[in-house]
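Asker: need a structure here:
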Amino acid sequence: MDDLTIATQMDVHGEDDTQCKSILGMEFDSEQLAYEFYNSYGGRVGFSIRKEYAHKSKTGEITSRTFVCSKEGLRKSNKRDFAIRIPRPETRTGCGALMSIKLIRQIGKYRVINFVETHNHPLVVRACAYMLPSQRKISTSQYIEIDLADDCGIPLRSSYELMGRETGGRECVGFLKNDQENYLRTKKQRILEFGEAGSILKYFQDQTAQNPSFFYSVQLDIEEQINSIFWTYARMIIDYGQFGDDVTCDTTYKINRESRPFAIFVGFNNHRETIVFGAALMYNETTD
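Answerer: Here you go, the predicted model:
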């Protein structure tokens, strides 16, 4: 073990040494509570944790579980690694720090039966512990805030900066900007799981359920494939009833790589402001 590792461990452990010795024999009502305790301990000390192997009964109940440092083990070598121009950095060091629990059926609780606190790598200072993978978690309220910011078109960087200021700094947010980006990417992939056309139709159905005044129409070709889609919102319908004397259909827009015409039906209100009456996606620009 090098001097940096020893010095780091001494600085971070400090007054927690007494607490570490008392962990062996602790009892928890559930395996999840044991995980949360060890994860909280890892955040204070300066390392990330993960769940290792677990033993289960025939009924699927977890009878024992081991939580380890994220740097436990070594990455297995692969023949293809030699062909990789820029190999991934080695993140595991064979660290032996762990906490093992076992179900004591007589009392119905999980007891810590093994605890190793020694690490063979430098630990993270407490100020940077929020960056550790096991410490990063997006809460339910933060999910809602991220969704609202995304729906309003606020850039990811700006919304993350806003949450940092609301909580008193980035270290208090509880996750990184990459976690927010991954969540939004997964969300969009989940929305498009039915394909582009299916996702559009599902969106229209959801809008109709929320507001019966929402209207949409789908035109099919001879092969029963979607050819054109028209939609309009309740507010647009009201505006058309009041200011629909002059309507212009503008098809000068193109969308994404498909280059399909995007048409908007526009007019003017009594303040000579441009207003939209409806929109359509079309396969081509023919009169029909």
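Asker: so Asn270 sits right up against Phe243, yeah?
Answerer: Yes - proximity of Asn270 to Phe243 meets the contact threshold set by C-beta atoms under 8 Å, at 7.1 Å. All C-beta atoms are positioned from the backbone trio N, CA, C, and that covers glycine.
Asker: which one of the two has more residues nearby?
Answerer: Phe243 (16 against 7; other C-beta atoms under 10 Å).
Asker: got a list of what the more buried one touches?
Answerer: Residues in contact with Phe243 (C-beta atoms under 8 Å, 6 or more residues apart in numbering) are Gly267, Phe268, Asn269, Asn270, Ile275.
Asker: phi, psi of the fourth one?
Answerer: Asn270 adopts backbone torsions of phi -70, psi -10, taken as degrees, to the nearest 10.
Asker: Let me know the pLDDT of it.
Answerer: If you check Asn270, the pLDDT there is 84.
Asker: Give the residue spans of the stretch 101-250 of the chain that score low on pLDDT.
Answerer: Counting by pLDDT under 70, the stretch 101-250 of the chain shows low-confidence ranges at 189, 191-196, 223-224.
Asker: Strands of the stretch 1-150 of the chain, residue ranges please.
Answerer: Using DSSP state E, counting those that start in this stretch, the strands of the stretch 1-150 of the chain run over 27-28, 49-56, 62-69, 98-104, 109-116.
Asker: Quick one: closest of those strands to Gln207.
Answerer: strand 49-56 (41.5 Å; C-beta to C-beta).
Asker: In its sheet, which strands sit next to the closest one, and in what direction?
Answerer: The strands that strand 49-56 pairs with in its sheet are strand 62-69 (antiparallel) (by DSSP bridges).
Asker: what's in contact with the strand it pairs with?
Answerer: 31, 34-35, 38-39, 42, 47-57, 95-103, 110, 113-114, 119.
Asker: Can you check what angle separates it from strand 109-116?
Answerer: For strand 62-69 against strand 109-116, the angle by axes from the mean of the first three to the mean of the last three C-alpha atoms, to 10 degrees is 30 degrees.
Asker: picking that back up, which of the contacts of Phe243 lies closest to Gly164?
Answerer: Among the contacts of Phe243, Ile275 lies closest to Gly164 (C-beta to C-beta), at 37.9 Å.
Asker: Doesn't the closest one belong to a helix?
Answerer: No - counting by DSSP: H, G, I helix; E, B strand; the rest coil, Ile275 is not found in a helix; it is strand.
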